[in-house]
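**Student:** Provided below are the primary sequence and the corresponding predicted coordinates.
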Amino acid sequence: MILGIGGFLHSAACAFIRDGVLTAAVEQKKIARQERPGQLPLEAIAEVLRLSNAGGDHARVQCVAIARPFPAGSETLLHVTLRGMFPDSRLVVVEHHEAHAASAYYASPFEHATVLTLDRLGDFRCGARWRGEGNRLTVERELFYPDSLGDLYGRVTELLGFNRNADEHKVQWLSTAGDRSYAGLFEEILGIANGADWPRIHASWFDGRRLSRGGFSAKFYDSLGLKDEAEIPERMRAQVAAGVQAAVESAVSRMAGDAPRLCLAGGLAYNALLVAALERRHEVFVQPASGNIGTAIGAAMYAAHTVLGCSARTPLHDLCLGPAYTAEEVKMVLENCKLRFRYLLTTEELIETAVREINDQKIVAWMQGRMEFGPRALGNRSILASPLNPYSTENLNVYIKHREPFRKFAASVPAELAQEYFDVGPNGRFLATVGRVRPAHRKTFDSAVLGDALVRVHTVHRQDNPLYHRLLLAAGEKTGLPVLYNTSFNLFNDPLVCSPRDAVRSFYSSGIDALFAGNFFVEK
């Protein structure tokens, strides 16, 4: 029994490995509905222990693996606290990028692979290339701040008027609307314009006295043809986003070299366009919860393989690793909220009712089974709509998610039918890449298409999520299209819903038409 803890300073999470199986993984902000940066994620610890049937006896936990960085102050106090909670456990401390690398390599199907870990600033390092062989990870080359791809991407995020370290995904999707005419400029900033295979950023592109708009220097604005510190004009925003996206893709491709098999982790691995670009040259596995939360998984896997000598891999069959709720628990919340509901007696009735609601051009919330780990909804905490509803994207963006029109929704499709509609790689299983719509279906999915016929594709395997897979097939039997638009069940920058109470709150704070929480059906 191994407990992994990561993200102490931001995005704290816990994971648990029991007998070689990843049995649970939970983020503190989802289970507690708040974060306490710098503190132990006590609610998340308790939940993964409960889910792994180890909650009543901490002495059975053999190893506690914690990923750096730790909060400022006394590390001794942290050690004493953990020793008091787990008196018979071995403590393993894992460096930040080692945890990232372990989370990607030991969860991958590869026995030999190159591993890239890339983030803004994890432990002094902001990136590293590793060689994975059998049960061993060896660092080959490291990237240190300020030569940070993640930091540059964050600076551009702020330059374009978004929030750095939070809205980088907006820049990614905005980039699909622009040409890549500024790619050369950002390659020059990264120091790879002359063929270098490793980024090296020159300080002249930034001005340390400037505390807003990314801190870019007069030299940068002059290269864009703008007055110093001018706001980026609307006509240039997508081009600037496309330029930094292209340059980062080029830099990462050079860092990977000619490796036939590539594993990715770290915050930059959330960039689905980057993953899709790499899939064209390599066999790629992305650890889908690749940011700070993923270091909890990585710490546990590092302890299992490197410290305790486990040889069998720890695969990610799915990411539904959080809590589920019984019918009694859901019913209690609905009754306490004085809501009218209907209980659907069978799975067949549940599926039939949901398909009918969706086909009536309604938007439904779908809360089933165990909560997903990570930022992406994979069919257990999802908001769903039909691609055949001509107003689905507008309604989802404007009236429910309250977000920009260039941010499109994922299309969930049964894995065995995906290639009929989309050209997509294997990382579509976790919504970690993008695909392209087949020409014959372009008009059908027009509302979800990004530039160049790109679309976010979620390939649903029957063994990963049988109920959601069945819902998609039932939608196909009714309409001829086994595809549903899928976005995360959360609102106003809240975490993904976890409990029935979270679901009810989000349902009644939005324009969602119907809620399916287990077999309970609630409509407005």
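**Tutor:** Cool, got the structure.
**Student:** what residue lies at the spatial centre of this protein?
**Tutor:** Nearest residue to the geometric centre of the chain (Cα atoms, centre = their mean): Pro375, 4.3 Å.
**Student:** does it touch Asn493 like I think?
**Tutor:** No. Counting by Cβ atoms under 8 Å, Pro375 does not reach Asn493; the two are 11.5 Å apart. Glycine gets a C-beta too; all of them are placed from N, C-alpha and C.
**Student:** ok, back up a step: wait, what's in contact with the residue nearest to the centre of the chain?
**Tutor:** By Cβ atoms under 8 Å, 6 or more residues apart in numbering, the contact list for Pro375 reads 270, 289, 291, 488, 496.
**Student:** need the three-state assignment for it.
**Tutor:** When classified by DSSP: H, G, I helix; E, B strand; the rest coil, Pro375 comes out as coil.
**Student:** what's the pLDDT at it?
**Tutor:** On the pLDDT scale, Pro375 is placed at 93.
**Student:** so how far is Pro495 from it?
**Tutor:** Distance, Pro375 to Pro495, using Cβ to Cβ, to the nearest Å: 9 Å.
**Student:** before we move on, what about Ala354?
**Tutor:** Separation of Ala354 from Pro495 (Cβ to Cβ): 24 Å.
**Student:** looking at those two, which one has more neighbours?
**Tutor:** Just comparing Ala354 and Pro495: by other Cβ atoms under 10 Å the higher neighbour count belongs to Ala354, 23 against 20.
**Student:** need phi/psi at that one.
**Tutor:** Main-chain dihedrals, Ala354, degrees, to the nearest 10: phi -60, psi -40.
**Student:** which non-adjacent residue is nearest Val275?
**Tutor:** Using Cβ to Cβ, 6 or more residues apart in numbering and skipping the chain neighbours, the partner closest in space to Val275 is Thr433 (4.4 Å).
**Student:** residues touching that neighbour, list them.
**Tutor:** By Cβ under 8 Å, 6+ apart, the contact list for Thr433 reads 272, 275-276, 279, 286, 424-425, 427, 457.
**Student:** I'd like those as CSV, with pLDDT, distance to Leu40 and neighbour count appended.
**Tutor:** Output for the contacts of Thr433, formatted as CSV (pLDDT from 0 to 100; distance: Cβ to Cβ, whole Å; neighbours: other Cβ atoms under 10 Å):
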residue, pLDDT, distance to Leu40, neighbour count
Ala272, 97, 32, 24
Val275, 98, 32, 26
Ala276, 97, 37, 22
Glu279, 97, 38, 21
Val286, 97, 28, 28
Val424, 96, 39, 25
Gly425, 94, 38, 20
Asn427, 96, 32, 24
Val457, 97, 38, 29
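**Student:** in helices only, show me the residues you listed.
**Tutor:** Secondary structure assignment by DSSP state H places 272, 275-276, 279 of those in helices.
**Student:** do I have it right that Asp222 meets Asp228?
**Tutor:** Yes. Using Cβ under 8 Å, Asp222 is in contact with Asp228, at 7.4 Å.
**Student:** contact partners for Val284?
**Tutor:** Listed by Cβ under 8 Å, 6+ apart, the contact set of Val284 reads 261-264, 275, 278, 425-427.
**Student:** let's see it at 6 Å
**Tutor:** 262, 278 (Cβ atoms under 6 Å, 6 or more residues apart in numbering).
**Student:** same thing with Leu278?
**Tutor:** Neighbours of Leu278 in contact, by Cβ under 6 Å, 6+ apart: Val284.
**Student:** same thing but at 7 Å, please
**Tutor:** Contacts for Leu278 (Cβ atoms under 7 Å, 6 or more residues apart in numbering) come out as 252-253, 256, 262, 284.
**Student:** how about Leu121, secondary structure?
**Tutor:** When classified by three-state DSSP, Leu121 comes out as strand.
**Student:** coming back round to it: which among the contacts of Thr433 gets closest to Trp130?
**Tutor:** Val286 (14.9 Å; Cβ to Cβ).
**Student:** would you mind measuring from that closest one to Asn380?
**Tutor:** Computed as Cβ to Cβ, the Val286 to Asn380 distance reads 20 Å.
**Student:** before we move on, what about His97?
**Tutor:** Using Cβ to Cβ, we find His97 at a distance of 30 Å from Asn380.
**Student:** and for Asp123?
**Tutor:** Asp123 is 33 Å from Asn380, where distance means Cβ to Cβ.
**Student:** likewise Arg261?
**Tutor:** From Arg261 over to Asn380 (counting by Cβ to Cβ), the distance is 30 Å.
**Student:** look up phi and psi at the residue nearest to Val275.
**Tutor:** Phi and psi for Thr433, reported as degrees, to the nearest 10, are phi -140, psi -180.
**Student:** contacts for stretch 390-398, please.
**Tutor:** 363, 383, 385-386, 403, 405, 408-409, 447-448, 485, 487, 511.
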